[in-house]
Structures are given as C-alpha cells and as structure tokens.
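*Asks:* Provided below are the primary sequence and the corresponding predicted coordinates.
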Amino acid sequence: MVRKLFVVADKSDAGRCQGPGQNGEGQCRNYGMEEAQKRGLLDDGEDYTGVKNCAAHGAFVQKKAKDQKRVHDYRLQIWQQRVQEFSESERTKTLRGEIGILRLMLETIMNECRTTQDLMLYSSKIADIIMKIEKLVRSCDALESGLGMILDRQAALALSAKFVTVIQSQVQDPNVIDTISTGLIDAIVDATRAD
C-alpha cells in the first residue's frame with residue numbers, strides 16, 4: 001500500500017484528514033486517502049472509499065476494518081441465502097438428514113480403526129458421535145411424533161386394513177386378496193418390530 005502523504009492546498013478543504021495536526025495546529029493538513037484517490041493523487045489499485053484519514057493517522061487500519069466488514073457482510077449474505085434455502089425446504093421439520101450425516105461420520109471414523117489401539121485412540125470421538133446420534137434420534141422422534149409424521153403399529157395395521165378394503169373393491173379373487181393382506185401385515189410387523 002502506498003504510504004505517501006498529500007498536503008492540502010487549501011486549509012478549508014473538506015477532504016482533509018480527520019486526524020489531529022502537528023504541534024497543536026488543529027486538523028491534519030494532509031488529504032484523507034479517499035480524497036487523495038478522488039483527486040487522482042493516489043492510484044495503487046486499492047479502494048479507499050470511506051477512508052477519511054491519511055496514512056499517518058491510521059488510514060490503513062481504517063481500510064483494513066472496512067475491507068473486513070465488506071468480507072463479513074459478503075459472508076453473511078452467502079450464509080443468509082443458505083439459511084433461507086434450508087428454511088424454505090419441505091424437509092425443514094425433519095432431522096433425518098442430520099442423523100445420516102452423523103452416522104456417516106461415525107462410519108468414517110470406524111473405517112479408520114484398523115487395530116484395537118486405533119479404536120482406543122478414537123474412542124472419545126466415537127463415544128461423542130454416538131451420544132450425538134442418540135440425542136438427535138430422540139429429537140427427531142419427538143419432532144415427528146409431534147407433527148403426526150409417525151404411525152404406531154396399531155395405526156399402521158388400521159391403514160393396512162383400509163388398503164385391503166380398497167383392493168377388495170377391485171380384485172375378486174379371494175386368494176389374491178389374502179396374499180396381499182398377509183404381505184401388508186408382514187411388512188408392517190417387520191417395520192415396527194423395534195417398537
């Protein structure tokens with residue numbers, strides 16, 4: 001960065017540095033970096049917009065803070081867009097994706113373990129991820145139950161009976177109906193066996 005100082009021709013110039021002058025003479029007699037750039041005195045490829053001080057009074061600190069704020073604002077805008085994408089998704093009210101990510105992380109760590117010593121080395125990470133999975137599964141179950149997204153065994157069997165009734169209205173062969181009914185009940189029992 002250029003560290004030149006550019007002295008103002010007129011002491012009443014509004015583009016003067018906002019810092020104090022030397023020997024108690026009031027305001028600094030140099031142009032602020034923004035004004036120096038506007039007047040064509042400074043062309044180092046940098047943007048000094050908003051930098052009111054000269055190089056002797058912290059212009060580069062001001063510029064760095066301004067640049068950091070611009071980067072921060074840009075990142076915030078990117079994250080805000082991602083947050084909106086997630087919040088507008090139909091899958092906002094489910095934690096199944098997050099459970100899958102944790103399980104994938106656990107699998108990756110377990111795949112790194114080749115020996116008992118490796119297992120001991122990673123044991124704290126493994127235990128931490130298992131606890132997080134357990135907590136997330138409980139949260140997911142509570143969330144889905146609260147939203148009515150989960151069928152218990154009785155509700156699933158009742159739904160199966162309704163399916164069979166619909167099938168009976170279209171299929172006349174009792175053997176086919178019996179096979180379909182048995183298949184549905186077996187599938188529900190298998191799916192709800194963990195209950």
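*Replies:* It's in.
*Asks:* now stretch 168-184: mean pLDDT?
*Replies:* The average pLDDT within stretch 168-184 is 83.
*Asks:* list the buried residues for it?
*Replies:* 177, 180-181, 184 (16 or more other C-beta atoms under 10 Å). (Glycine included, C-beta is placed from N, CA and C.)
*Asks:* where does the prediction get shaky in the protein?
*Replies:* For the chain, residues meeting the criterion pLDDT under 70 lie at 1-3, 23, 82-94, 145-153, 155, 192-195.
*Asks:* and with 80 instead?
*Replies:* Low-confidence segments of the chain, defined by pLDDT under 80: 1-4, 22-25, 43-45, 72-73, 75-97, 141, 143-161, 164, 184-185, 188-195.
*Asks:* just the helices from the protein, written as ranges.
*Replies:* Applying DSSP state H to the chain gives helices spanning 33-38, 59-88, 96-112, 116-121, 123-146, 153-170, 174-191.
*Asks:* what angle separates the longest one from helix 96-112?
*Replies:* Taking axes from the mean of the first three to the mean of the last three C-alpha atoms, to 10 degrees, one finds helix 59-88 and helix 96-112 inclined to each other by 110 degrees.
*Asks:* what helices and strands are in contact with helix 59-88?
*Replies:* On a contact count with 3 or more C-beta pairs under 8 Å, 6 or more residues apart in numbering; DSSP states H and E, helix 59-88 meets helix 33-38.
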